[in-house]
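[1] Here's my sequence, what's the structure:
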Amino acid sequence: MDKKNKKQTDSRENILFLAWIAAVISMFGSLYFSEIKEFEPCTLCWYQRILMYPFVIILGLAVIRKDYRITFYTMIISAIGGFTSLYHYSLQKFSLLSNSAPSCGRVPCSGEYINWYGFITIPFLALIGFIIIFVCSLIIWKKTKENLDR
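    Numbers count the residues shown, from 1 in each chain. You can find the predicted model right below:
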């Protein structure tokens, strides 16, 4: 293996590790809000958790095994999670949507437990986590594809 391929492999390892760290922080952040702060998650929060939590295991195993092929699947799942978070965030921030939003359980999806700096809410934090995982996965997928094309 020449130096260029070694360097590229190392960068993919680091980027994959970054995606895993984003998933771990997202998972523990959501658990902090629900278990420590005792904020009851709404239905859309549960959907985002369902999409985020498996990343901790999937990306963790991928880091250990140096399996870069998983990034195609993590891109797709993180995109779905990102769109879910974006929709949820829109329900919170746009009155047109929040006024016509259906009730989604005991806790309304338009409710804001936190509102840091006027725009950072829990769905916004989830969206950032999904974006980080998506971008990392996309970079790794492109680098892996370039290696196969050579």
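[2] what's the pLDDT at Ala22?
    In the predicted model, Ala22 carries a pLDDT score of 98.
[3] leaving aside the residues next to it on the chain, what's closest to it?
    Excluding its sequence neighbours, the residue lying closest to Ala22 (CB to CB, 6 or more residues apart in numbering) is Ile132, at 4.0 Å. Bear in mind the C-beta positions are built from the backbone N, C-alpha and C, glycine included.
[4] how close does the spatially most central residue of the chain sit to Ile64?
    In the chain, the C-alpha nearest the mean C-alpha coordinate belongs to Phe130, at 2.3 Å (CA atoms, centre = their mean). Phe130 is 22 Å from Ile64, where distance means CB to CB, to the nearest Å.
[5] before we move on, what about Ile114?
    34 Å.
[6] Can you pick out the residue with more neighbours from the two?
    The neighbour comparison of Ile114 against Ile64 (other CB atoms under 10 Å) goes to Ile114, with 12 against 9.
[7] ok, now which ones touch that one?
    For Ile114, the contact set (CB atoms under 8 Å, 6 or more residues apart in numbering) comprises Phe33, Ile120, Thr121, Ile122.
[8] Next, count neighbours for the second one.
    Same thing as Ile120. The burial count for Ile120: 14, using other CB under 10 Å.
[9] what sits against it?
    Neighbour list for Ile120: Ile114 [criterion: CB under 8 Å, 6+ apart].
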